[in-house]
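Visitor: For reference, the sequence and a predicted model appear below.
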Amino acid sequence: MKITDVRVHMLQSPLAQPFAFSQGWVDRRSATLVEVSTDAGITGWGEAFAQGLEPPQVAAAAIEHALRPLVVGADPLEVEVLWHRMYHQTRDYGRKGAVVAAISAIDIALWDIAGKHYGQPVHRLLGGAFRRSVQPYATGFYRIRGQGEAARLAEEALAHFEAGFRLMKVKLGYGVDDDIAVIRAVARAVEGRGVTLMVDTNHAYGRAEALRLGHVLDEMDMRWYEEPVAPEDVDGYCELRAKLRTPIAGGENEHTLYGFRELLGRHAVDVAQPDIGSCGGITGARHIVALAQAHGIEVNPHVWGSAVAQAASLQLIAALPVTHHSVFAREPVLEYDRSSHPFRRDLVAEPIDLRDGRVQIPQGPGLGIELRADTLQRFRIA
Ligand code: CA
């Protein structure tokens, strides 16, 4: 089997209601998808992570100009070989960010092809399923005005509860005083309902403010405190880990096993969060998972992409071993973004939804999804 073409599909849609996370206002949804075709008639799909402020054209250019020539004509089943070829050939201008996101997209598509070729879901090729379903957590609580929205966000928590979520991640990073008002209001709203909270400031603060917020969170039994400081400040991560009781999470802005080496080797996080669409794809995630396992650090993937990234993440999560084994070991959870996404559910024939409060791992070959041509057509940009 040979790769005959690599085609990029950039999708975009404006949001009816723009929202803010701590790094800026998001007024559109974007996705950089890749379609890898073969001479055997098998097609694989992958996705490069495009965060809220990221133009999808950046990873698209890396795929088209840098990576496409490296893989066309190659055997798509040589997934590991092609990962190293793509990484080495882009090392001097890549290693992080959108270039590794571009590698991730092609890598995911190659795993999709391998699964379809062998007639197995990707998690079987990764060694089998530790679980057939996963508990999702609601990511939400974005801002519409910016500050002073504690009452509205407390109501949002109840809406997530009604939708079946028992885990919720509250976006913070809008000023420590405002954050404290919000997290207290949300905690009060769900008190006694069996809900566990997490928070994510998207590295809005330096160490002093991050610690001040952290001391309040320490009173609340959070599952984790995510991206408390900038990803470059590994010393800051270590300091917060040493001074706070709440587990520290991070890693969505780190890439490949080389990038994670410091974060894991210095025990800067309790929970490592590679994003499959930017950490190096399924191959990159696999390297990171092994490294994290060796350091006794839990991996819980970050997920914010379209249905392609969701499905790829589910395949990875199925094959993810628990880090600290026990009869009642803590299982990984699925980040389930509840903010507006005009083309996520419509992108696949069977949307990735909750059933009895859980999300099932797709069991079909490859990623286990079927993309809808009409949706691709509708949201495609030139
Ligand atoms: Ca995050």
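Guide: Perfect, I can see it now. Residues are numbered from 1 along each chain as shown.
Visitor: Mean confidence (pLDDT) on the helix or strand harbouring G236, please.
Guide: Using DSSP states H and E, G236 falls within helix 234-243. The average pLDDT for helix 234-243 rounds to 98.
Visitor: Put the alpha carbons of that helix into PDB.
Guide: Extracted C-alpha coordinates of helix 234-243, given in PDB (Å, rounded to 0.1, in the frame of the first residue of the first chain):
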ATOM      1  CA  VAL A 234       8.600  24.800  34.800                       C
ATOM      2  CA  ASP A 235      10.100  26.100  38.000                       C
ATOM      3  CA  GLY A 236       6.800  27.800  38.700                       C
ATOM      4  CA  TYR A 237       4.900  24.500  38.200                       C
ATOM      5  CA  CYS A 238       7.300  22.800  40.700                       C
ATOM      6  CA  GLU A 239       6.800  25.600  43.200                       C
ATOM      7  CA  LEU A 240       3.000  25.400  43.000                       C
ATOM      8  CA  ARG A 241       3.200  21.600  43.300                       C
ATOM      9  CA  ALA A 242       5.300  21.900  46.400                       C
ATOM     10  CA  LYS A 243       3.100  24.500  48.100                       C
END
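Visitor: Parallel or antiparallel, which strands does whichever helix or strand comes after that helix pair with?
Guide: Going down the chain from helix 234-243, the next helix or strand is strand 248-250, by DSSP H and E. When pairing is defined by DSSP bridges, strand 248-250 lines up against strand 225-226 (parallel), strand 271-272 (parallel).
Visitor: what is the mean pLDDT for strand 248-250?
Guide: On average, strand 248-250 scores 98.
Visitor: now do stretch 360-370
Guide: Mean predicted lDDT for stretch 360-370 stands at 98.
Visitor: Please apply the same query to stretch 167-176.
Guide: 98.
Visitor: Buried ones in it, by neighbour count?
Guide: Neighbour-count burial for stretch 167-176 flags 167-176 (criterion: 16 or more other CB atoms under 10 Å). To be clear about C-beta, it is placed using only N, CA and C from the backbone, and glycine gets the same treatment.
Visitor: is it possible to export the residues you listed to CSV including secondary structure and distance to A61?
Guide: What follows is those, written out as CSV (DSSP: H, G, I helix; E, B strand; the rest coil; distance: CB to CB, whole Å):
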residue, secondary structure, distance to A61
L167, strand, 37
M168, strand, 37
K169, strand, 32
V170, strand, 35
K171, strand, 30
L172, coil, 34
G173, coil, 30
Y174, coil, 33
G175, coil, 36
V176, helix, 39
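Visitor: circling back to that earlier point, of the strands paired with strand 248-250, flag the one that's most buried.
Guide: Highest mean neighbour count of these: strand 225-226, a mean of 28 (counted as mean count of other CB atoms under 10 Å).
Visitor: I'd like to know which elements the helix holding G236 is packed against.
Guide: helix 207-217, strand 248-250, helix 256-265 (3 or more CB pairs under 8 Å, 6 or more residues apart in numbering; DSSP states H and E).
Visitor: how about JSON lines for these, with distance to R29 and mean neighbour count added?
Guide: Shown next, in JSON lines, are the helices and strands packed on helix 234-243 (distance: least, CB to CB, whole Å; neighbours: other CB atoms under 10 Å):
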{"stretch": "helix 207-217", "distance to R29": "29", "mean neighbour count": "18"}
{"stretch": "strand 248-250", "distance to R29": "24", "mean neighbour count": "26"}
{"stretch": "helix 256-265", "distance to R29": "26", "mean neighbour count": "20"}
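Visitor: closest one to I317 among these?
Guide: strand 248-250 (15.5 Å; CB to CB).
Visitor: Tell me which residues are up against the closest one.
Guide: For strand 248-250, the external contacting residues (CB atoms under 8 Å, 6 or more residues apart in numbering) are 198, 224-228, 231, 237, 240-241, 263, 268-273, 300.
Visitor: Over to D356: give its phi and psi.
Guide: Dihedral pair for D356: phi 50, psi 40, per degrees, to the nearest 10.
Visitor: can I see the domain layout of this protein?
Guide: 3-119, 124-360 (automatic domain parsing).
Visitor: Make JSON lines from those domains and add distance to I381 to it.
Guide: Below are the domains of the chain laid out as JSON lines (distance: least, CB to CB, whole Å):
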{"stretch": "domain 3-119", "distance to I381": "5"}
{"stretch": "domain 124-360", "distance to I381": "12"}
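Visitor: and I369, which of those is closest to it?
Guide: Nearest of those (CB to CB): domain 124-360, 4.5 Å.
Visitor: pretty sure L211 contacts L240?
Guide: Yes - contact criterion CB atoms under 8 Å: L211 and L240 qualify, at 6.5 Å.
Visitor: quick one on the thing from earlier: in TSV: the helices and strands packed on helix 234-243, plus distance to H9.
Guide: Converted to TSV, these look like this (distance: least, CB to CB, whole Å):
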stretch	distance to H9
helix 207-217	38
strand 248-250	30
helix 256-265	25
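Visitor: would you list the strands paired with strand 248-250 in a markdown table and tack on distance to E155 and mean pLDDT?
Guide: Below are the strands paired with strand 248-250 laid out as a markdown table (distance: least, CB to CB, whole Å; pLDDT from 0 to 100):
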| stretch | distance to E155 | mean pLDDT |
| --- | --- | --- |
| strand 225-226 | 23 | 98 |
| strand 271-272 | 28 | 98 |
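Visitor: Of all those strands, which one is nearest Q293?
Guide: strand 271-272 (10.4 Å).
Visitor: Following element in sequence after that closest one, please.
Guide: helix 281-295.
Visitor: could you point out where the stretch 251-382 of the chain is predicted with low confidence?
Guide: For the stretch 251-382 of the chain, no stretch is flagged by pLDDT under 70.
Visitor: between the helices and strands packed on helix 234-243, which gets nearest to P136?
Guide: Counting by CB to CB, and looking across all of the helices and strands packed on helix 234-243, nearest comes strand 248-250 at 16.3 Å.
Visitor: ok, which stretches of this structure are helices?
Guide: Here the chain has its helices, by DSSP state H, at 57-61, 68-71, 79-90, 97-118, 122-125, 150-162, 176-190, 207-217, 234-243, 256-265, 281-295, 307-318, 373-379.
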